[in-house]
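Student: Would you be able to build a 3D model of this:
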Amino acid sequence: MATSQAAIANIQKKVWAGSLPLEIRLASADCRTVDETDPYLINVPRLSYLAFLLPRLHAFFSPQLIDPSIPFQNAWLSFENVALKYHYPIGLLYDLFSGAAPANPEDDGTEDLEELLPWKLVLRYSEFPDEQLMGLDAEGKVLRDCFVNAVKEADVIRNGKGNVYMGLSKDDSDNLWQAVQDHWLRYGNTDDLAKFNTVHNKLLNPPGTPLRNIPIKIYLPTAPPASSSGSGEAEPAQASIRTVQGLVAPSSATRQPNTLGMALNQILPTVFPSRRNPVLAVPVLHGAVVPMNAPVEELMRAAAFTDGFLHVVIVML
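Tutor: Below you'll find the model as predicted:
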């Protein structure tokens, strides 16, 4: 039975309100004091980006920096020596690297998360890993360009061409990005969600253009190497993540809705030999295990990230 529009809207509101607590410490190599500085504590939206946090972190840690004149955009963040990509949403980074078990309605919910939350990150300025991270600019143009490129890619996958996004007015394209930025400042605010949906719905429902495929990216991560020093400040490790994409139609040839299990069986048949049951692995979206029988089109409309993609992390059983 198809999910009602009200139920889809309710799920989207919960996804929009999702957040993560962070504990961020300054790397000793960039700190002028011998004693460890106080950490920066903040609750952040899962759908947002770490780059938005850099000006705040710079202002907080500036008195302790060896070189306080260094630009804030030169900073980078890591977890267990893995450099965190700025163009990946925060929630996706957490699901990929934190090691936290995803929420699962079949579990009793008693798992102790005290050691995993807040998510402990390290802020660094020296030895920027150019081969792993893109450089940022003070105006935020680089991050916006990455976001726009992802939105355009999702548009091409959905409609077979990218003219829907290209046909937006400048106000609409500006408002879409502004809603993502405002969400950082006021996460969970339903006014920001309404502002976002005003434009996002134009991309999902273009007049006279049928939905061809569901934008989906599947991530198969491996565990990051452990720090040899135990301080979290060794040489940044290269995270090994296999990203897989495939064209997933919203429905089959018989017009039956395609499910996430069908899509995973089509794209990764060795990992998902069954379309109905997660035999070897489970799909995780926004920190939760997704039912294999969830229709992919409904997932897209209820739980896509702000760039229009379903970013699905695979966790082996």
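
Student: Show me the strands in this structure, by range?
Tutor: Here the chain has its strands, by DSSP state E, at 19-26, 40-45, 76-79, 82-83, 119-124, 216-221, 241-245, 281-285, 288-289, 310-316.

Student: Take the ones you listed and lay them out in JSON lines including mean pLDDT, distance to residue 271 and mean neighbour count.
Tutor: (Each C-beta comes from the backbone N, C-alpha and C, glycine too.) Shown next, in JSON lines, are the strands of the chain (pLDDT from 0 to 100; distance: least, CB to CB, whole Å; neighbours: other CB atoms under 10 Å):
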{"stretch": "strand 19-26", "mean pLDDT": "96", "distance to residue 271": "27", "mean neighbour count": "18"}
{"stretch": "strand 40-45", "mean pLDDT": "96", "distance to residue 271": "30", "mean neighbour count": "16"}
{"stretch": "strand 76-79", "mean pLDDT": "96", "distance to residue 271": "25", "mean neighbour count": "23"}
{"stretch": "strand 82-83", "mean pLDDT": "94", "distance to residue 271": "23", "mean neighbour count": "22"}
{"stretch": "strand 119-124", "mean pLDDT": "97", "distance to residue 271": "26", "mean neighbour count": "20"}
{"stretch": "strand 216-221", "mean pLDDT": "92", "distance to residue 271": "8", "mean neighbour count": "20"}
{"stretch": "strand 241-245", "mean pLDDT": "92", "distance to residue 271": "10", "mean neighbour count": "13"}
{"stretch": "strand 281-285", "mean pLDDT": "97", "distance to residue 271": "5", "mean neighbour count": "22"}
{"stretch": "strand 288-289", "mean pLDDT": "96", "distance to residue 271": "15", "mean neighbour count": "18"}
{"stretch": "strand 310-316", "mean pLDDT": "96", "distance to residue 271": "7", "mean neighbour count": "20"}
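
Student: want to throw those strands into TSV with distance to residue 270?
Tutor: Formatted as TSV, the strands of the chain follow (distance: least, CB to CB, whole Å):
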stretch	distance to residue 270
strand 19-26	32
strand 40-45	35
strand 76-79	29
strand 82-83	26
strand 119-124	31
strand 216-221	11
strand 241-245	12
strand 281-285	10
strand 288-289	20
strand 310-316	12
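
Student: which one of the ones you listed lies closest to residue 70?
Tutor: In terms of CB to CB, the element of those nearest to residue 70 is strand 119-124, at 11.0 Å.

Student: Would you mind listing the residues in contact with residue 98?
Tutor: Shown in contact with residue 98 (CB atoms under 8 Å, 6 or more residues apart in numbering): 79, 116, 119.

Student: Got the confidence number for the closest residue to the second one other than its chain neighbours?
Tutor: Closest residue in space to residue 116, ignoring its immediate chain neighbours: residue 100 at 4.7 Å, by CB to CB, 6 or more residues apart in numbering. The model reports residue 100 with a pLDDT of 88.

Student: give me phi/psi at residue 100?
Tutor: Backbone torsions of residue 100, given as degrees, to the nearest 10, read phi -70, psi 140.

Student: and if you look at the one 5 residues further on?
Tutor: Geometry field for residue 105 lists phi and psi as phi -60, psi -20, criterion degrees, to the nearest 10.

Student: if we can go back for a sec, number of nearby residues for the residue nearest to residue 116?
Tutor: Counted by other CB atoms under 10 Å, the residues lying close to residue 100 total 17.

Student: I figured it hits residue 94, correct?
Tutor: Yes - assessed by CB atoms under 8 Å, residue 100 is found in contact with residue 94 at 7.1 Å.

Student: Now do the shared contacts for these two.
Tutor: residue 287.

Student: how close does the residue nearest to residue 24 when sequence neighbours are not counted get to residue 120?
Tutor: Spatial nearest neighbour of residue 24, chain neighbours left out: residue 40 (4.5 Å); criterion: CB to CB, 6+ apart. Applying CB to CB, to the nearest Å, the value for residue 40 to residue 120 is 11 Å.

Student: Equivalent analysis for residue 10, please.
Tutor: In terms of CB to CB, residue 10 sits 32 Å off from residue 120.

Student: try residue 176
Tutor: Taking CB to CB, one finds residue 176 at 32 Å from residue 120.

Student: what's the answer for residue 200, then?
Tutor: Where residue 120 is concerned, residue 200 sits at a distance of 33 Å (CB to CB).

Student: Repeat that for residue 161.
Tutor: In terms of CB to CB, residue 161 sits 44 Å off from residue 120.

Student: do residue 34 as well
Tutor: 21 Å.

Student: residue ranges with poor pLDDT in the stretch 1-150 of the chain?
Tutor: Along the stretch 1-150 of the chain, segments meeting pLDDT under 70 span 1, 107-115.
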